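Undergrad: Have a look at this prediction, sequence included:
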Amino acid sequence: DIIKTVGLPGLTMLPVIDDGKLVGVVTKADLLPLVKSEEPVSKVMTKHVITVGLEDRVVHARRLIIDNNIARLPVVKEGEVVGIIAEMDIARAFAKLKKSISMKYQKHYVDELLVRDAMKSPAIVAEPDISIKEAAEIMLKNNIGAIPLVKDNKLVGIVTRTDLIKTLRE
């Protein structure tokens, strides 16, 4: 039941309750060590990847994340992945602005903030022919929720924790 539920998009954790008391949570990351498939990750990757550029505004990236119900976007320059921007990166950038800019100017600075100033770089990328198990190991080792997949330095797909956990149900 846990694998079925936590493997759903959007849901990131489930409470563990014993005798009516919360004793912990199970996250998608907790399930990654169970992923053992030797199939190529290209079988479960998303091929049509929504991306942003370095000079795009963070508010635009945020809108894409919300509208498409995703957690992160690869940042590309001329087809090459140069970083990644996630919901948490955006929240941190906005919080930092709120602390350092007077209230009078905050909206202007938020509206003008560029992706390059909020993203993580470099992004951890892999080739689409690595195994699903290897992708899970990369995510665990680097504490990341997705891996942009590249061939000849060009973005060809993305794989998320959810994509990998879904393989446990098969």
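TA: That came through fine.

Undergrad: give me the low-pLDDT residue ranges for the chain?
TA: Low-confidence segments of the chain (pLDDT under 70): 1-12.

Undergrad: for it, which helix is longest?
TA: Scanning the chain for the longest helix, with DSSP state H as the assignment, gives helix 87-100.

Undergrad: What angle do helix 87-100 and the helix or strand just after it make with each other?
TA: Once the chain leaves helix 87-100, the next helix or strand it forms, by DSSP states H and E, is helix 103-112. Counting by axes from the mean of the first three to the mean of the last three C-alpha atoms, to 10 degrees, helix 103-112 points 150 degrees away from the direction of helix 87-100.

Undergrad: Does anything pack onto helix 103-112? Which helices or strands?
TA: Packed against helix 103-112 by the contact rule (3 or more C-beta pairs under 8 Å, 6 or more residues apart in numbering; DSSP states H and E) you find helix 58-67, helix 87-100. Heads up, the C-betas are built off the backbone N, CA and C, glycines and all.

Undergrad: Any chance of CSV for these, columns distance to P122?
TA: Listed next are the helices and strands packed on helix 103-112 as CSV, based on distance: least, C-beta to C-beta, whole Å:
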stretch, distance to P122
helix 58-67, 17
helix 87-100, 14
